[in-house]
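Novice: okay, structure incoming, though there's no sequence with it:
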């Protein structure tokens, strides 16, 4: 799926400039910068605690950066509240799905559609994308399986008709076959003109879908490029620290060349 | 027959208690605000009603929606300013702030209206008229009207929360405030709407209380707030129909207590309240969504 060239002369739909975010005393992100161009699937990879989710939450407006700026369509949105960014066209599927548990599937989608922009996505179209949903639309979100909740969370974000879709750890807590199925929907989502920025611990999955990627390690960018341009060794070094020497450190049982660990806990 | 009478009177009084309780329950269920000024605000609504009727000679029935609208606007404004500021400092802060508000309101009312009791003139023979079932059971029309009003309020609230756009947003924000923000909802505004609705019910509670008996500045804390708390706890926190059930249980307990000995009326209500707290602290109806 990787493009031959990046449209770098065009306007980035999303740009992050020298972003630094603190979590209390901890520096979660240090001077992270990147641009996402329309139609791309930009993947942020990294181990637990690398700052991936913090980055996405900061872009959505749920964290305030200590320094740096977030530009959406060339405009500075760093000071905007999360709800204003959402209505402007930045939608996020948060880590852990975060559906409204006491609402039904359809009500969850309706909340997502309440402040929607004009665009191709409607609740009906989400039902066409996930065909099982229509029959179960009156089921409470709390009673659905993890995969169903994840699909509903994606649907809730899509009906807002975002220009940029932020996907935070879609694979977390889901069986590999379910992860495959959910990522299988990505082409149809991209076709509708949505640009995707995703965070993923499952490196194989990220490399498979991304057109561009960036690797974070302890809040710093360690690698950036197209999946076709980076080697497995480079990814490994960037993921675990230089020369892969840290591979045994920090209790990461995985290897970046292999599927990730869907059952693993969330980032802090 | 006297016992049957007590139970019927208790059930009807339960409607009034449900009116007291549903706003308290809504404020807590959505915002996690325990509004200790709840009863005093109901009394304020009662005094506004008295004031409007006295100054404009508006018919009683017309004054009710006016009071509701005024209180709803006050609810929105209070939520967006004082309560929201308190909330962002922590849920316990709202307890202190509303406690302070309660004291300010009570003393303000004492200052302006003195400690004299006032009733809201319904302007008809509704207050005194009643009908009989058999020879021993006599039911006042006023209590029937208040009970019906409580049913209408609860049904409307249920419809609003389950079927309307803002009702859905209120439930979404109550479930997960951050996720609602990611969907574009300004939770502060949604909180304001919820407070406006809650204060609307508070207004009806105050007017209904002023109709059935008399109000004075201290009525808010010594009667309305305590009975509202008791009804909410007995019925189950966060459940709308639980407030009606809680109100009815409280009302019946009080009437049965009064039947045994008139001085046991209030005591009997609190005995049941304590019994529920000990034996079934989640209330008689468990919360709709325990997730």
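Specialist: Yep, that arrived. As the structure is a computational prediction, the values presented were derived from the model and not from experiment.
Novice: what residues does the stretch 101-250 of chain B put near chain A?
Specialist: Residues of the stretch 101-250 of chain B lying near chain A by C-beta under 8 Å from any C-beta of the partner chain: B:165, B:168-169, B:171-172, B:174-176, B:178-187. Heads up, the C-betas are built off the backbone N, CA and C, glycines and all.
Novice: those residues in helices, which ones?
Specialist: The helices, defined by DSSP state H, take in B:165, B:168-169, B:171-172, B:174-175, B:178-182, B:187 from those.
Novice: and the residue nearest to residue B:217 when sequence neighbours are not counted, how close does it get to chain A?
Specialist: Once flanking residues are discounted, residue B:217 sits nearest to residue B:109: 3.7 Å by C-beta to C-beta, 6 or more residues apart in numbering or on different chains. According to C-beta to the nearest C-beta, to the nearest Å, residue B:109 stands 38 Å off from chain A.
Novice: isn't residue B:109 right up against residue B:45?
Specialist: No: with contact taken as C-beta atoms under 8 Å, residue B:109 and residue B:45 are classed as non-touching, separated by 11.6 Å.
Novice: in the stretch 151-268 of chain A, what residue spans correspond to strands?
Specialist: For the stretch 151-268 of chain A, applying DSSP state E, counting those that start in this stretch gives strands covering A:164-168, A:195-200, A:212-217, A:220-225.
Novice: which one of those lies nearest to chain B?
Specialist: Chain B lies closest to strand A:164-168 among the strands of the stretch 151-268 of chain A, at 9.0 Å (C-beta to the nearest C-beta).
Novice: that closest one and chain B in contact?
Specialist: No: using C-beta under 8 Å from any C-beta, we find that strand A:164-168 stays clear of chain B, coming within 9.0 Å at best.
Novice: so that strand versus strand A:195-200, what angle?
Specialist: Strand A:164-168 runs at 10 degrees relative to strand A:195-200, counting by axes from the mean of the first three to the mean of the last three C-alpha atoms, to 10 degrees.
Novice: give me the residues contacting strand A:164-168.
Specialist: A:13-14, A:36, A:52-53, A:56-57, A:59-60, A:72, A:89-95, A:154, A:157-158, A:189, A:194-200 (C-beta atoms under 8 Å, 6 or more residues apart in numbering or on different chains).
Novice: near chain B, which residues of the stretch 51-200 of chain A show up?
Specialist: So the stretch 51-200 of chain A meets chain B at A:60-62, A:81-83, A:86-87, A:91-92, A:94, A:98-103, A:107-108, A:110-112, A:114-116, A:140, A:142, A:156-157, A:160 (C-beta under 8 Å from any C-beta).
Novice: any stretches of the chain with poor pLDDT?
Specialist: You didn't pick a chain, so chain A it is. A:1-5, A:7-9, A:242-268 (pLDDT under 70).
Novice: wait, chain B
Specialist: Within chain B, the stretches with pLDDT under 70 are B:123-127, B:286-291.
Novice: can you give me the helices for it?
Specialist: For chain B, applying DSSP H gives helices covering B:2-31, B:38-56, B:60-78, B:84-87, B:91-113, B:141-163, B:165-175, B:177-182, B:187-212, B:219, B:226-235, B:240-260, B:265-279.
Novice: what would the ones you listed look like in JSON lines with mean neighbour count and distance to residue A:135?
Specialist: Shown next, in JSON lines, are the helices of chain B (neighbours: other C-beta atoms under 10 Å in any protein chain shown; distance: least, C-beta to C-beta, whole Å):
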{"stretch": "helix B:2-31", "mean neighbour count": "24", "distance to residue A:135": "30"}
{"stretch": "helix B:38-56", "mean neighbour count": "23", "distance to residue A:135": "43"}
{"stretch": "helix B:60-78", "mean neighbour count": "18", "distance to residue A:135": "40"}
{"stretch": "helix B:84-87", "mean neighbour count": "17", "distance to residue A:135": "40"}
{"stretch": "helix B:91-113", "mean neighbour count": "16", "distance to residue A:135": "40"}
{"stretch": "helix B:141-163", "mean neighbour count": "17", "distance to residue A:135": "21"}
{"stretch": "helix B:165-175", "mean neighbour count": "22", "distance to residue A:135": "21"}
{"stretch": "helix B:177-182", "mean neighbour count": "22", "distance to residue A:135": "24"}
{"stretch": "helix B:187-212", "mean neighbour count": "26", "distance to residue A:135": "30"}
{"stretch": "helix B:219", "mean neighbour count": "24", "distance to residue A:135": "53"}
{"stretch": "helix B:226-235", "mean neighbour count": "26", "distance to residue A:135": "35"}
{"stretch": "helix B:240-260", "mean neighbour count": "24", "distance to residue A:135": "29"}
{"stretch": "helix B:265-279", "mean neighbour count": "16", "distance to residue A:135": "40"}
